[in-house]
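Undergrad: have a look at this prediction, sequence included:
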Amino acid sequence: MRRSLISQAVEEKDEPNITPMLDVVFILLIFFIVTANFIKEPGLEINRPDSETAEVTENAAILIAIGSAGEIYMDGRRIDVRQVKANVIRMIAENPQGTVVIQADEKSTADTIIDVMDEVREAGVIDISIASEPDF
C-alpha cells in the first residue's frame, strides 16, 4: 500500500507546469510587437535607377513615391502634387527627426521630381534624399 502511494506521488510530480513559461512567451511576444519598427511602403512598385555612390539613409520616416507616369503616392494612397506639402507637415509633426526620401521611378520626369522637392522644401524640410538601387 505504501509503495502505491509513493508511485502515485512521483507520477503527479513528473508533469511540468508550463503556465509560467506560457506567460513569459506571451510577454516576449507583446514586447517584440510593441518595439518592432514597421517598414513603410510607398504603395507603388518602383524601378529605381542604379547608382554607384548610393548611401544608406537611417530614420527615413517619410516616403514619397513617384511613378513612371508622374503619379505621386504617400502612405499607400495616391495624392496630387499640391497635397504633398500638407502631408509632409503632418508627418513631420509625428516624427520631427525623420527625413524625406523620394522614390522616383527611373522613367519619371525631372519636372515631377522637382515639383515634389519644392513642395517638401516649402513644408520646411531640408534633408531630402532620392532613393536609388546600389550598383555593387
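TA: That came in fine, so what should we check first?

Undergrad: what residues does stretch 74-90 touch?
TA: Stretch 74-90 has contacts (CB atoms under 8 Å, 6 or more residues apart in numbering) with 40-43, 62-65, 71-73, 91, 100, 112, 115-116, 119-120, 122-125. All C-beta atoms are positioned from the backbone trio N, CA, C, and that covers glycine.

Undergrad: and these, which are buried?
TA: By neighbour count, with 16 or more other CB atoms under 10 Å, these hold 42, 62-65, 72-73, 91, 100, 112, 115-116, 119-120, 123, 125 as buried.

Undergrad: ok, so of these, who is nearest F32?
TA: Taking CB to CB as the measure, F32 lies nearest L63 of the buried ones among the contacts of stretch 74-90, at 23.7 Å.

Undergrad: following element in sequence after the helix or strand hosting that closest one, please.
TA: For L63, the enclosing helix or strand under DSSP states H and E is strand 60-66. Next helix or strand after strand 60-66 toward the C-terminus (DSSP H and E): strand 72-74.

Undergrad: partner strands of the strand holding L63, with direction?
TA: Here strand 60-66 has these sheet partners by DSSP bridges: strand 72-74 (antiparallel), strand 99-104 (parallel).

Undergrad: want to throw those into CSV with mean pLDDT?
TA: Formatted as CSV, those follow (pLDDT from 0 to 100):
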stretch, mean pLDDT
strand 72-74, 89
strand 99-104, 86
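
Undergrad: can you add distance to P16 and give the ones you listed back as JSON lines?
TA: Shown next, in JSON lines, are the strands paired with strand 60-66 (distance: least, CB to CB, whole Å):
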{"stretch": "strand 72-74", "distance to P16": "52"}
{"stretch": "strand 99-104", "distance to P16": "50"}
